[in-house]
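Visitor: with the input below, show me the fold.
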Amino acid sequence: MQIAWLEIQNIDYKSLFLEITKLDKQNIVFTPNPEIIIESIKDKTFKENLKKANYLTSDGIWLYIAYQVLDNKYGKIINFLLYPYFFFNLFFRRKMLYKKYWERICWSDMTKDLVNWAEKNKKKISIIDLYNPNDIKKVQSQKKFRENFSKKYPKLDFDFYVYNTEKKEEITNSIKNSNSSILFSTLGMKKQEKSIIEVMEKCENIKIWLWIWSSFDYMIWFQKRAPKLWRNLWIEWLYRLITWPQKINRLKRIFNAIFIFNYMILKRK
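Guide: Numbers count the residues shown, from 1 in each chain. Model (predicted):
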């Protein structure tokens with residue numbers, strides 16, 4: 001299914017996981033959401049970096065609204081009036097949507113499953129985390145990351161780097177000379193895509209590349225992930241807003257995902 005320029009692959013979670021864990025070639029997995037799609041239209045470099053992914057998969061409630069809008073022959077006004085029906089499908093006919101547009105592949109779930117798989121199969125992983133000395137809580141989390149992560153995954157071999165651009169070459173060379181098979185990047189939109197591609201070009205040992213946003217914060221209990229009910233209802237974003245109010249920039253992201261993205265989809269219709 002295509003949204004704007006973005007071609008979303010028709011692949012289910014299980015098939016994707018089995019394919020990339022063969023480790024027979026390098027695979028970049030990006031899971032675009034509405035905010036990423038909007039930004040890729042504005043930024044050509046970002047767009048080109050996204051195009052280098054081997055897999056672009058659906059992540060986010062509004063993509064499944066967009067699929068329904070784009071996959072019919074009605075005009076803008078009719079589609080706008082059909083939004084309640086689209087939401088009904090989203091919450092009560094999700095299996096139908098998954099069958100038609102393939103299931104949602106969430107980076108948090110993929111991260112957790114890949115880490116468990118790596119520990120079980122004795123594969124080493126590398127993690128590059130955002131350098132932000134102004135975020136006191138993040139700095140505290142990074143200081144305790146190795147200890148907390150090792151407690152949760154005692155048999156996992158991993159390298160953890162705080163990714164400062166001044167140390168980019170040093171970190172890249174360290175990853176290249178390691179026996180890591182999987183690279184996770186938490187640097188945030190644009191930085192994480194760029195960092196993954198830069199490392200990929202120099203590190204043939206890395207076979208799986210994945211952006212993960214806040215996944216490891218959940219895994220080491222730095223942040224609490226939304227309960228399963230919230231995730232099943234696809235309102236995890238609302239839980240994060242309520243429990244992490246200091247990140248007020250989430251409001252802008254939510255506004256973009258709900259209003260700007262849907263306006264863009266209807267306009268392109």
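
Visitor: on contacts alone, who are the packing partners of the lengthiest helix in the chain?
Guide: Longest helix of the chain, by residue count under DSSP state H: helix 136-152. Counting contacts by 3 or more CB pairs under 8 Å, 6 or more residues apart in numbering; DSSP states H and E, helix 136-152 packs against strand 124-130, strand 158-163, helix 215-219. (C-beta placed from N, C-alpha, C; glycine too.)

Visitor: could you pull out the helices in the stretch 151-269 of the chain for me?
Guide: For the stretch 151-269 of the chain, the helices defined by DSSP state H, counting those that start in this stretch occupy 168-176, 191-202, 215-219, 228-232, 236-243, 249-255, 261-268.

Visitor: residue 108: which of the helices and strands packed on helix 136-152 is closest?
Guide: Judged by CB to CB, the one of the helices and strands packed on helix 136-152 that comes nearest to residue 108 is helix 215-219, at 4.9 Å.

Visitor: okay, now the unreliable bits of the stretch 101-250 of the chain?
Guide: Flagging of the stretch 101-250 of the chain using pLDDT under 70 yields the residue ranges 213-226, 231, 234, 236-237, 239-241, 243-250.

Visitor: can you do 80?
Guide: Within the stretch 101-250 of the chain, the stretches with pLDDT under 80 are 107, 135, 137-138, 140, 211-250.

Visitor: any idea how far residue 265 is from residue 257?
Guide: Per CB to CB, to the nearest Å, residue 257 is found 11 Å from residue 265.

Visitor: just residue 5 next, same as before
Guide: When residue 5 is compared with residue 265 (using CB to CB), they lie 13 Å apart.

Visitor: equivalent analysis for residue 18, please.
Guide: In terms of CB to CB, residue 18 sits 32 Å off from residue 265.

Visitor: please identify which of these two sits among more neighbours.
Guide: residue 265 (23 against 10; other CB atoms under 10 Å).

Visitor: what sits closest to that one if chain neighbours are left out?
Guide: In space, and not counting its chain neighbours, residue 265 is closest to residue 66: 4.7 Å by CB to CB, 6 or more residues apart in numbering.

Visitor: tell me the contacts of that neighbour?
Guide: 3, 34, 261-262, 265 (CB atoms under 8 Å, 6 or more residues apart in numbering).

Visitor: okay if I get the residues you listed as TSV plus distance to residue 91 and pLDDT?
Guide: TSV is the format used below for the contacts of residue 66 (distance: CB to CB, whole Å; pLDDT from 0 to 100):
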residue	distance to residue 91	pLDDT
3	21	83
34	18	89
261	19	92
262	17	91
265	19	92
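
Visitor: identify the farthest-apart pair in the residues you listed.
Guide: Of all pairs in the contacts of residue 66, the most separated under CB to CB is 3 and 262 at 11.7 Å.

Visitor: of these two, who's got more company?
Guide: For the pair residue 3 and residue 262, the greater number of neighbours falls to residue 3 (22 against 18), based on other CB under 10 Å.

Visitor: if I read this right, the more buried one contacts residue 68, doesn't it?
Guide: No - when contacts are counted by CB atoms under 8 Å, residue 3 is not listed as touching residue 68 (11.7 Å).

Visitor: after the one helix or strand residue 69 maps to, which helix or strand is next?
Guide: Assigned by DSSP states H and E, residue 69 belongs to helix 61-70. Toward the C-terminus, helix 61-70 is succeeded by helix 76-81 as the next helix or strand (DSSP H and E).
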